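**Student:** need coordinates for the following:
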Amino acid sequence: MRKNIPSLTSLLLNRYGKYGTQIQEIENISNYLGKILSENESFLDENFLSRLVSNSEFDNRMAELYFISALRSNCFSLEHKSNEGLDIWINDISGWGEFVCAHNTPEMKKNSEVNEIRRVNNNDTLLRITTVLKSKSDIIKRNLAKGLIHENEPVVLFLSTSLLIDPFPMNPEGDVCSFARSLFPISEPVVYVNVNTGEGKMGRNYQYGIPKKDVIVENDFFLNETNSLISAVVFSYCSIFYRYDHPTSLFKDGDDFIIFHNPLAKNPIQHGLMKCWQEYVCEYEKDASFTIRNIKA
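**Tutor:** Numbers count the residues shown, from 1 in each chain. Purely as a prediction, here's the structure:
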């Protein structure tokens, strides 16, 4: 990595000092991050530290560092093949990992202040995720066109929601993770009640698109063959700072992973290969039906 850049402590001081964070706390964070960087340096781009200078890049790089740490916590064998193309080669799947961090839009920030509690409409979070997914799918296709990846190589997209105003998925008991609505055309949870027996059950209906003002945004990402290069999407809502903020926790990087396998993937990856919180598979019959199951339940 290049040396003609500010020290990690200086970068953190410039970023957090203006918010009143004490120098001792910044030094503690610097030591914590420095250890993780040292352990994972060989898997990062050579310009990783220099990109931390940019506020817009800092959070993206922290998400990348978290995913690298989480994959190594999973005992995956990784290689950093190039500063071009996708982020990491994963030997265990003979394919690629690509990292991305979803950011709040200005409109989300503007609409989030309600009685000093930051909240956004659930659709806004899903719309942000669908935008990021589409953008990354296009980048992966361009990498294929350039010969930086090959058509027979799996690609797993790791998407961090840690920066979003509402980063956590809703997970009602017996239902699928709410992030599923960014990948599959399904509705919000629906409760069906039999008034004669008093019995009820939860389910979801088919619903194409997520409303956005006067338009409908596609939400059939995994039922669209144009995205078949992506073998799976892994959602994560924690950040690289979670273990720092919770020093007594038994949490390991990656324990928050929520995996969705693409039913149309050209190169599927093995189910159960990655340590995670939830893992979903989809049984799809074209133009007829699809069933989403959590195989970790």
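**Student:** C-alpha only now, for contacts and for neighbours.
**Tutor:** Will do.
**Student:** what about residue 168, which SS state?
**Tutor:** Counting by DSSP: H, G, I helix; E, B strand; the rest coil, the backbone at residue 168 sits in coil.
**Student:** verify the stated contact: it with residue 237.
**Tutor:** Yes: contact criterion CA atoms under 8 Å: residue 168 and residue 237 qualify, at 6.1 Å.
**Student:** of those two, who's got more company?
**Tutor:** The neighbour count for residue 168 versus residue 237, taken as other CA atoms under 10 Å, is higher for residue 237 (20 against 17).
**Student:** before we move on, the earlier item: okay, and the common contacts of residue 168 and residue 237?
**Tutor:** Residues within reach of residue 168 and of residue 237 at once, by CA atoms under 8 Å, 6 or more residues apart in numbering, are residue 161.
**Student:** so what's residue 110 scoring on pLDDT?
**Tutor:** Looking at residue 110, its pLDDT reads 70.
**Student:** go on, residue 3?
**Tutor:** For residue 3, pLDDT reads 49.
**Student:** go on, the one 10 residues further on?
**Tutor:** Reading off the confidence values, residue 13 has pLDDT 89.
**Student:** which SS class is it?
**Tutor:** Assignment for residue 13 (three-state DSSP): helix.
**Student:** for burial, what's the neighbour tally of it?
**Tutor:** 20.
**Student:** now it, nearest residue through space, not along the chain?
**Tutor:** residue 26 (6.4 Å; CA to CA, 6 or more residues apart in numbering).
**Student:** and stretch 236-250, how far out from the chain's middle?
**Tutor:** Centroid separation for stretch 236-250 versus its chain: 16 Å, with CA atoms, centre = their mean, to the nearest Å.
**Student:** same deal with stretch 18-32?
**Tutor:** The answer for stretch 18-32 is 27 Å, by CA atoms, centre = their mean.
**Student:** contact partners of it?
**Tutor:** 8, 9, 12, 13, 16, 17, 244.
**Student:** could you do stretch 187-195 as well?
**Tutor:** Residues contacting stretch 187-195 (CA under 8 Å, 6+ apart): 175, 178, 181, 199, 200, 201, 202, 203, 204, 205, 206, 207.
**Student:** just these: which has the poorest pLDDT?
**Tutor:** residue 202 (82).
**Student:** quick check, pLDDT for the nearest residue to that one once chain neighbours are set aside.
**Tutor:** Using CA to CA, 6+ apart and skipping residues adjacent in sequence, the residue nearest residue 202 is residue 191, 4.5 Å away. Looking at residue 191, its pLDDT reads 85.
**Student:** end to end on stretch 286-297, go ahead and measure it.
**Tutor:** End-to-end distance of stretch 286-297: 26 Å, with CA to CA, to the nearest Å as the criterion.
**Student:** wait, stretch 199-209
**Tutor:** Stretch 199-209: ends 30 Å apart by CA to CA.
**Student:** which residues are in contact with it?
**Tutor:** By CA under 8 Å, 6+ apart, stretch 199-209 touches 174-175, 185-194, 216-220.
**Student:** and what of stretch 34-46?
**Tutor:** Contacts for stretch 34-46 (CA under 8 Å, 6+ apart): 1, 2, 8, 65, 68, 69, 78, 79, 80, 82, 83, 88.
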